[in-house]
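Novice: test case, fold it:
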Amino acid sequence: MSEGNATLEEAFRHHAWANRTLLAFCAQLPPEQLSQPRPAPLAGDHGSILETIDHIVASDGAYLGALTGNRPAWAVDERSPSPDLGELASRVDEAEALWMRFLSLPDDAARKVHLDAGTYETHAAIVTAQALHHGSAHREQICAILRDFGLDPPEVQPWDFADATGRSRWIKPE
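Specialist: Predicted coordinates for the structure are as follows:
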C-alpha cells in the first residue's frame with residue numbers, strides 16, 4: 001500500500017463494502033422486487049434495484065478502464081444487466097482488487113483521461129472522485145426504492161463501515 005493513497009484506498013474499501021452490504025441485503029428479496037422499477041422514477045434513476053446495482057458495478061469497471069487502459073470484460077458498453085447477485089458480488093470483489101492495484105501505483109492526478117469513446121477528457125483525479133460519488137448516489141437511490149417497498153435498508157455510510165470493520169468505536173467518558 002502506498003502511503004500517499006492510503007486514505008483513498010480506505011475510501012474504496014468502504015465503496016466495495018457498501019456495495020457488498022447492499023447486495024447481501026437485496027439477496028433476501030424476491031425476484032419481482034429486484035426487477036421492479038421505482039414507483040415514481042427520479043432523474044438519474046436506472047430503473048430497478050437490479051439494474052441500478054449492475055450500473056454501479058459496471059461503471060466501476062468503466063472508470064477503472066479509463067484510468068488504467070484495462071477494462072474488465074464484464075464492463076463492456078453493450079451488454080445486458082446481470083440478474084445474478086452472486087456474480088455482481090464477485091465483480092465488486094474484482095473491482096475492489098483493481099482499485100487497490102491502481103491506487104498502489106504512482107499516478108499523476110492531473111493526467112488526462114478520456115471517457116465516452118474519447119469524446120470527454122478530464123483529469124484522473126476527477127474520474128477517481130466520480131467513482132466514489134457515483135456509487136454513493138446510486139446506493140442512495142436503491143435505499144429509496146427499498147423504503148418505497150416499506151423496507152428498512154441497510155446502513156452503508158462510511159460511519160457504518162468503520163463500526164462494522166473495527167475502524168471506529170465509541171469511547172465512554174471517564
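Novice: what's around Ala58, how many residues?
Specialist: 22 (other C-beta atoms under 10 Å). No exception for glycine: its C-beta is placed from N, CA and C like everyone else's.
Novice: what helix or strand is the residue most central in space within the chain located in?
Specialist: Geometric centre of the chain, nearest residue: Gly135, 3.8 Å, by C-alpha atoms, centre = their mean. Using DSSP states H and E, Gly135 maps to helix 124-148.
Novice: identify each buried residue in the lowest-mean-pLDDT helix or strand in the chain, please.
Specialist: Every helix and strand in the chain was compared by mean pLDDT, DSSP states H and E; the lowest is helix 31-35, with a mean of 92. Of the residues in helix 31-35, Gln33, Leu34 count as buried by neighbour count, 16 or more other C-beta atoms under 10 Å.
Novice: that helix packs against which elements?
Specialist: Counting by 3 or more C-beta pairs under 8 Å, 6 or more residues apart in numbering; DSSP states H and E, the packing neighbours recorded for helix 31-35 are helix 49-68.
Novice: re the thing from before, and the residue nearest to the centre of the chain, how far from Glu32?
Specialist: For Gly135, the distance to Glu32 equals 25 Å [C-beta to C-beta, to the nearest Å].
Novice: before we move on, what about Glu9?
Specialist: 38 Å.
Novice: also Pro81?
Specialist: 16 Å.
Novice: what of Asp108?
Specialist: 48 Å.
Novice: try His138
Specialist: For His138 relative to Glu32 (C-beta to C-beta), the value is 21 Å.
Novice: and for Gly61?
Specialist: Taking C-beta to C-beta, one finds Gly61 at 28 Å from Glu32.
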